[in-house]
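Novice: Pasting the sequence and the predicted coordinates here, then a few questions.
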Amino acid sequence: MPYPNYNLTKIPDDVSDEEVLMICDIGSTGIAAAEKANIQIGDVVVVYACGPVGLCAIAGARLKGAGLIIGVDADPARMEIAKKMGADIVLNFKTINVIEEIFRLTDGRGADVAIEALGKQETFENCLRSIRRGGTVSSVGIYSGHLHIPIETFAGGMGDHKIVTTLCPGGRERMLQLIQLVKTHRITLESMVTHRYHFDDILEAYDIFEHQKDGVIKTMINF
């Protein structure tokens with residue numbers, strides 16, 4: 001552990017292992033996506049990809065006071081958990097034109113904020129196409145190559161769009177903040193732990209997670 005004096009954080013006895021395990025990485029990243037977007041009370045927020053980071057972004061948007069939270073995914077298990085995390089509506093991108101539906105739900109205005117939590121060119125562009133004029137894209141996806149910004153979407157009609165990014169704020173003070181949110185039940189993250197294993201079964205756990213079998217979201221390994 002580098003710089004333990006700054007990073008190690010005592011875990012309260014009344015907080016579960018599942019909850020604190022989720023806040024260290026994906027919890028901090030997803031919630032930071034909502035923080036960085038400067039979500040205002042009543043905003044319409046769409047989250048593209050309801051994987052672990054996207055689910056935490058949904059929880060973060062709820063914390064920030066979003067008035068309507070829309071999740072986008074196609075996996076039934078993830079779509080269901082997205083609702084538990086705070087999404088009001090979850091759209092299946094395989095069965096519906098998501099962008100058209102977002103504009104229908106917002107009376108033609110578009111979302112105030114779109115959060116990209118996957119790291120693909122397509123979802124990034126869809127975020128830009130989903131927001132209103134003056135809206136914000138908050139990107140926390142990890143991209144494998146160069147990212148292209150479609151100028152006609154970003155700047156067309158003097159759109160005044162904003163793109164912000166961040167990644168997993170850490171350190172003791174950050175962890176204390178997130179632990180407090182868990183302790184007071186402002187956020188509930190343990191529903192993302194879909195599979196639990198003993199250390200002796202660690203290879204099976206990695207296989208399930210690597211190949212995304214059995215509706216896995218997150219695995220927990222007990223020592």
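Specialist: That came in fine, so what should we check first?

Novice: quick one, phi psi at the residue nearest the centre of the chain?
Specialist: For the chain, the residue nearest the mean C-alpha position is Gly54 (2.2 Å; Cα atoms, centre = their mean). Torsion angles at Gly54 (phi, psi; degrees, to the nearest 10) stand at phi -60, psi -40.

Novice: nearest residue to it other than its sequence neighbours?
Specialist: What sits nearest to Gly54 in space, not counting adjacent residues and going by Cβ to Cβ, 6 or more residues apart in numbering, is Ala117, at 3.6 Å. Quick note: C-beta positions are derived from backbone N, CA and C, even for glycine.

Novice: re earlier: spit out the contact partners of the residue nearest to the centre of the chain.
Specialist: Gly30, Val47, Tyr48, Gly71, Asp73, Ala82, Ile115, Ala117, Leu118 (Cβ atoms under 8 Å, 6 or more residues apart in numbering).

Novice: The same query, at a cut-off of 10 Å, please.
Specialist: Gly54 sits next to 26, 29-30, 33, 47-48, 71-73, 78, 82, 85, 87, 115-118, 123, 140-141 when contact means Cβ atoms under 10 Å, 6 or more residues apart in numbering.

Novice: next one: Ala74
Specialist: So, once contact is read as Cβ under 10 Å, 6+ apart, Ala74 ends up touching Ala49, Cys50, Val90, Leu91, Asn92, Phe93, Lys94, Thr95.

Novice: what about the nearest residue to it once chain neighbours are set aside, how many neighbours?
Specialist: Closest residue to Ala74 apart from its sequence neighbours, by Cβ to Cβ, 6+ apart: Lys94 at 4.5 Å. When neighbours are counted by other Cβ atoms under 10 Å, Lys94 registers 9.

Novice: Over to Ile39?
Specialist: Counted with other Cβ under 10 Å, Ile39 comes out at 26.

Novice: Spatially, which residue comes closest to it, not counting chain neighbours?
Specialist: Nearest to Ile39 is Lys64, by Cβ to Cβ, 6+ apart, at 3.9 Å.

Novice: can you give me phi and psi for the closest residue to Ala34 other than its chain neighbours?
Specialist: Excluding the flanking residues, the one nearest Ala34 by Cβ to Cβ, 6+ apart is Gly60, at 3.1 Å. Main-chain torsions, Gly60, degrees, to the nearest 10: phi -70, psi -40.

Novice: what's the answer for the one 10 residues further on, then?
Specialist: With angles defined as degrees, to the nearest 10, Ile70 shows backbone torsions of phi -120, psi 120.

Novice: residue with max distance from the center of the chain?
Specialist: Residue of the chain lying farthest from the centroid, by Cα atoms, centre = their mean: Asp200 (30.9 Å).

Novice: tell me the contacts of that residue?
Specialist: Ile221, Asn222.

Novice: How much space separates it from Asn222?
Specialist: 10 Å (Cβ to Cβ, to the nearest Å).

Novice: And the next helix or strand past the top strand by length along the chain?
Specialist: Longest strand in the chain, counting residues (DSSP state E): strand 131-139. Later in the chain than strand 131-139, the nearest helix or strand by DSSP states H and E is helix 151-154.

Novice: Would you mind putting the CA coordinates of the helix or strand of the chain with the lowest mean pLDDT into PDB?
Specialist: Least confident helix or strand of the chain, by mean pLDDT, DSSP states H and E, is helix 4-7 with a mean of 76. Extracted in PDB, the C-alpha atoms of helix 4-7 (Å, rounded to 0.1, in the frame of the first residue of the first chain):
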ATOM      1  CA  PRO A   4      -0.600   4.300   3.900                       C
ATOM      2  CA  ASN A   5      -0.800   7.400   6.100                       C
ATOM      3  CA  TYR A   6      -2.900   9.000   3.400                       C
ATOM      4  CA  ASN A   7      -4.700   6.100   2.000                       C
END
